[in-house]
Structure formats: C-alpha cells, structure tokens
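Visitor: Pasting the sequence and the predicted coordinates here, then a few questions.
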Amino acid sequence: METLTLYMDMITFTYDQTLRGIMLGMGPDELRHFVNIPSYLKELPENFQIYGESVHFPEAIYQYVIGWFDWDSTKLFKIAPKESALRTVDLMGGKKKVIKATRAAFDKDEFAWAAELIQNVYLLDMNDKEVRQLKADILRQLGYRTTGSISRGFLLSEAQALEGKIKAPLVVLPSAEIITGSPATFVDYYRIYIDPDKSKDTDKVIEFVFTDQKDQSVALHIRRGVVEFIPEPSSYLKKADFVLKLDGKIWAEFYLNSITLGEAISSGKVKVEGDQKELAVIFDMFDKFDPAKNYKVPPIED
C-alpha cells in the first residue's frame, strides 16, 4: 500500500502542480522549472526516473490541457529558426565569440546553456566539424548525467551522429511487405507528399486498380494543392482522368521510390488509361522521399 500510494502521489504531484502553475500564469518553459518533485517521493525505487523524466511532463500536460500557445504574445509570430540563429550570432559578435562562450560554459559544466549556445552556430553550418564535435561533446555530457533512458538515447545517439559514427533517421518507412499487404491504405497516405506550388493549377483524378486485391479500386483527387482520398471512385462526383492497373508489389516499389512510373509502365507492370505524359507530370508534383536525406543530423560531407 505504501509503494502504490507513493507511486500514485508522484503522478498526482506532477499533474496537479502543473495545473497549479498554469493557474499562476506559467507557460511550458516556466513549468518545467516550477514542478520540483519532493525528496520523499524520489526516494521510492519505483519512482526512479529511469525511463521518462518528470522535467518533461509539465510541458506535455500544458499542451494537452491548453494547447501550444502559452499567452506570451511574442511567440505568436516567430522568424524561422535559421534566421533567428543568424541574427543572434551576429548580435553576440559572430561565430568565434559564440564558440568561445560555449566552451566557457562547457568548462563550467553548464551543459544545458552550452547546448543552447552552440545550436545557434550549428544551424548556420551543420557541416562545420568543429561545431559538430563541440555539440557532440555537450550532448554526451548531458547524456551521462540524465537518469532517463529516453533522454539519454536521444542525447547519445545524436552525439554519435554528429561525429559520423552512426546515421540517425528521422522517419523509418514501412517495409515493402506492409505496403503490399494493404496498398489502398498507402494510396491514402500518399496524399501528404503533394507539393502545393507544383499542383496549384491541377484538378485531376487518378484511379488505382489493384489486380492482386480482387481489383480493389481507390483514387486520389489532386485539387489545387490538396489531395483527397477517394475510397469508392465509382460513386465519386468526378470521373477518373487516369486509371492505373497494377499490383500491390509495384505500388510498394513506387511508394518507396525504388522504381519510377516510366520504368513501371515500360516494364508492363503498370497499365495506364489516359495520357501517360500528363500523368507523369502529375506524379512529379509529389515529393520523392529519399531515405538518404532523411536524417536529424546530416551526414558529414567529405
């Protein structure tokens, strides 16, 4: 009973004190420093922060309860991070001075502050080896000091990626087998790859007929920068401008960018009703996902 009560009280304390902070007018940035867990709750082994850490929870609670806006009106309209870094570094006297200040903070074990400083120059040139190594050193020290496996994993992995020892992908695409098993699902997911600038004058419907799924038919309506998924093209208000007949395996290859539409058509694996050249132009309006470029930390250039 004592263990369960202390475990429950740790959660209750974190949640209720976050709400208290919100009622006192605090936003996410302040809340992470406001909610301090009492020592008697920390002493319970079951409350040891080996996975998540309570310092991160108040911000998540705020987002859930209030949303992203913390009533600080200066945050309503922000310039882009790289532009902000450029101006900040300029105000601080240039790149060399920021690096010097970062090293001074590092030497005083002020690793969180050092991380904030070095990020400004890192954003301006992510391939600068000196900056990458300094940032890696900072993140590694933060990783050594955190008790939470989540934080430590991010910190140490990014440190290794900055040093070129590993590659840290931001997104891992589904396997070809998963896509092949439900190709219509991934036709729906393909919506998000549309480039609104390239497709701003387009109003076309592409129907997909999957021959290995009992001729299951779905469609995409590309409409002035928006793509609507059509689960039943036969009852849709607009007739298809193009019809593609293919199997799930070929759609998986196309979705994963391992085959082009032209190659698929030339090989006979995709049969098309409609103008093939126009169809190719429309498919070029969708981003071609390149896993080699999908890294949180860009690989070191030679």
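Guide: Now that the structure is in, tell me what you want to look at.

Visitor: shaky segments in the stretch 101-250 of the chain?
Guide: Residue ranges of the stretch 101-250 of the chain with pLDDT under 70: none are present.

Visitor: Helices of the stretch 151-300 of the chain, residue ranges please.
Guide: Using DSSP state H, counting those that start in this stretch, the helices of the stretch 151-300 of the chain run over 176-181, 183-189, 248-255, 261-266, 276-283.

Visitor: Out of those, which is closest to Gly21?
Guide: Nearest to Gly21, of all the helices of the stretch 151-300 of the chain, is helix 183-189, at 38.6 Å by Cβ to Cβ. In short, each C-beta sits where N, CA and C put it, glycine included.

Visitor: Any chance you could list what contacts the closest one?
Guide: By Cβ atoms under 8 Å, 6 or more residues apart in numbering, the residues outside helix 183-189 that reach it are 174, 179, 208, 210, 213, 216, 218-220, 229, 231, 247-248, 251-252, 255.

Visitor: now stretch 61-78
Guide: Here stretch 61-78 makes contact (Cβ under 8 Å, 6+ apart) with 14-15, 18-19, 22, 25-29, 31, 84.

Visitor: quick one, what contacts Asp29?
Guide: Contacts of Asp29 by Cβ under 8 Å, 6+ apart are 59, 70.

Visitor: Please report how far it lies from Lys75.
Guide: 10 Å (Cβ to Cβ, to the nearest Å).

Visitor: How about Glu30?
Guide: Between Glu30 and Lys75 the computed distance is 13 Å (Cβ to Cβ).

Visitor: Please say which of the two ends up with more neighbours.
Guide: Each of Glu30 and Lys75 has its neighbours counted (other Cβ atoms under 10 Å); Glu30 has more, 18 against 12.

Visitor: Would you tell me what helix or strand the residue lying closest to that one once chain neighbours are set aside is located in?
Guide: Once flanking residues are discounted, Glu30 sits nearest to Gly21: 7.0 Å by Cβ to Cβ, 6 or more residues apart in numbering. Counting by DSSP states H and E, the element that carries Gly21 is helix 2-23.

Visitor: Using CSV, write out every CA atom in the helix or strand following that helix.
Guide: Sequence-wise, the next helix or strand downstream of helix 2-23 (DSSP H and E) is helix 28-34. Provided in CSV are the C-alpha atoms of helix 28-34 (Å, rounded to 0.1, in the frame of the first residue of the first chain):
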residue,chain,number,x,y,z
PRO,A,28,5.6,25.4,-20.7
ASP,A,29,9.1,26.9,-20.5
GLU,A,30,8.5,28.0,-16.9
LEU,A,31,6.6,24.9,-15.8
ARG,A,32,9.5,22.6,-16.4
HIS,A,33,11.4,24.5,-13.8
PHE,A,34,8.5,25.1,-11.4
